[in-house]
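Undergrad: please work out how this folds:
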Amino acid sequence: MKKILFITLIFLLISCSGSDNDNNYNNSENPFSGEWSGVYNETIDEDGISSGTWQGTVAQNNFSGEYISLESNETNTYSGLVSADGDTSFTAGSTTDGAIFSGVMYGNEASGVFVNNTSTPPDYGTWKGTKTVPENNYVFNEFVGTWRLLSESQDGFDLFLSECQLKSTIVVSPTLLLINDFNDSSSCGFNSCSIYSLETWNISYDSGSTAIINQTSDINFCAGEVNDTDTNLQLTVDFQVIGNIINVSYDYPSSDGSILFVQKTYERI
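TA: Below is the predicted model:
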């Protein structure tokens, strides 16, 4: 139950990240108003991977619709919020016993991640979609979107990543960076692919390809639930986008005082 509550809190942070004036936006001011549709796919599921389709409507800053499971043909409804920046959060069922979706809308596209708390342990996955009528001229940063891990190196040495670790994702929005790391390490007490850590960072964009991120939440599940949040931790991150690939690099301060140079490559989902 504690794990579910931690996960719920982190995913709900995105829904609170928009402007205080979001409720004042009308359809003409929110660039994402209109009909949307897409797909979702589970990536972590103890009972077998499931997938489906979804459709919905953005009206002002409200987002509501339904999703249909391809396996069971069951239909569920969802509702949530979309800020004028594109930060997106919606829930099917309750926050503690339902599915929570977080992500971002950008231009005529949308993508993100979700956690399904109806099972124990929770299931995880990704979702994406497009605007039914692609009429949006909204200009967005090319870093924005949902990305899946391809490789990682530290101080120039390539790390071996398991199939489970390669399911890790980041969601980059105009205001937030959401990181879902997965691992199947037995040293963490995992007997299958499981959530390793959930991180949330505030993000602000500097000139060129540089962004400044400040940590707001870091929950680690290796060998138990630990809150490793350091709200004083600030990193300067370099993003380089080539097609559907994003290269991320930054210096990370280690616990012994040394600096670790980290490079990661992700692919847009």
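
Undergrad: and the residue nearest in space to the middle of the chain, what element?
TA: When the chain is reduced to its mean C-alpha position, the closest residue under C-alpha atoms, centre = their mean turns out to be residue 171, at 3.8 Å. Per DSSP states H and E: residue 171 is located in strand 169-172.

Undergrad: returning to that earlier point: got the contact list for the residue nearest to the centre of the chain?
TA: Contacts of residue 171 were listed using C-beta atoms under 8 Å, 6 or more residues apart in numbering, and they are 102-104, 111-113, 145-147, 177-178. In this view, the C-beta of every residue, glycine as well, is placed from N, C-alpha and C.

Undergrad: what element comes up after the strand holding residue 171 heading to the C-terminus?
TA: The element immediately downstream of strand 169-172 (helix or strand, assigned by DSSP H and E) is strand 176-183.

Undergrad: just give the number of residues close to residue 107.
TA: Per other C-beta atoms under 10 Å, the neighbour tally for residue 107 reads 18.

Undergrad: no wait, residue 67
TA: Counted with other C-beta under 10 Å, residue 67 comes out at 23.

Undergrad: could you find the closest non-adjacent residue to it?
TA: Computed as C-beta to C-beta, 6 or more residues apart in numbering, the closest residue to residue 67 that is not its neighbour in sequence is residue 54, at 3.7 Å.

Undergrad: surely that neighbour meets residue 41?
TA: No: the pair residue 54 and residue 41 fails to qualify as a contact (C-beta atoms under 8 Å) at a distance of 11.2 Å.

Undergrad: so those two - more neighbours on which side?
TA: Neighbours were counted for residue 54 and for residue 41 using other C-beta under 10 Å; residue 54 has more, 22 against 15.

Undergrad: return the set of residues that bridge with the more buried one.
TA: Beta-bridge pairing of residue 54 under DSSP bridges involves residue 38, residue 67.

Undergrad: and the pLDDT for it?
TA: On pLDDT, residue 54 comes in at 96.

Undergrad: ok, it - contacts?
TA: 37-40, 65-68, 78, 127, 129.

Undergrad: ok, now with 10 Å
TA: 36-40, 65-68, 76, 78, 90, 92, 101, 110, 127-129 (C-beta atoms under 10 Å, 6 or more residues apart in numbering).

Undergrad: tell me, how many residues neighbour residue 231?
TA: For residue 231, the count of nearby residues is 11 (other C-beta under 10 Å).

Undergrad: so how far is stretch 147-165 off the chain centroid?
TA: The chain centroid and the centroid of stretch 147-165 are separated by 18 Å under C-alpha atoms, centre = their mean, to the nearest Å.

Undergrad: give me the spatial nearest neighbour of residue 238, chain neighbours excluded.
TA: Sequence neighbours aside, residue 249 is the residue nearest to residue 238 in space, at 4.9 Å (criterion: C-beta to C-beta, 6+ apart).

Undergrad: list the buried residues for the one helix or strand that neighbour maps to?
TA: In this structure, residue 249 sits in strand 245-253 according to DSSP H and E. Applying a neighbour-count criterion of 16 or more other C-beta atoms under 10 Å, one finds 246-250 buried in strand 245-253.

Undergrad: and stretch 154-167, by the same measure?
TA: Neighbour counts over stretch 154-167 (16+ other C-beta under 10 Å) mark 164-165, 167 as buried.

Undergrad: for those residues, which one is nearest residue 156?
TA: For these, the closest approach to residue 156 (C-beta to C-beta) belongs to residue 165, at 19.2 Å.

Undergrad: my read: that closest one touches residue 188, true?
TA: No: counting by C-beta atoms under 10 Å, residue 165 sits too far from residue 188 to count as a contact (11.8 Å).
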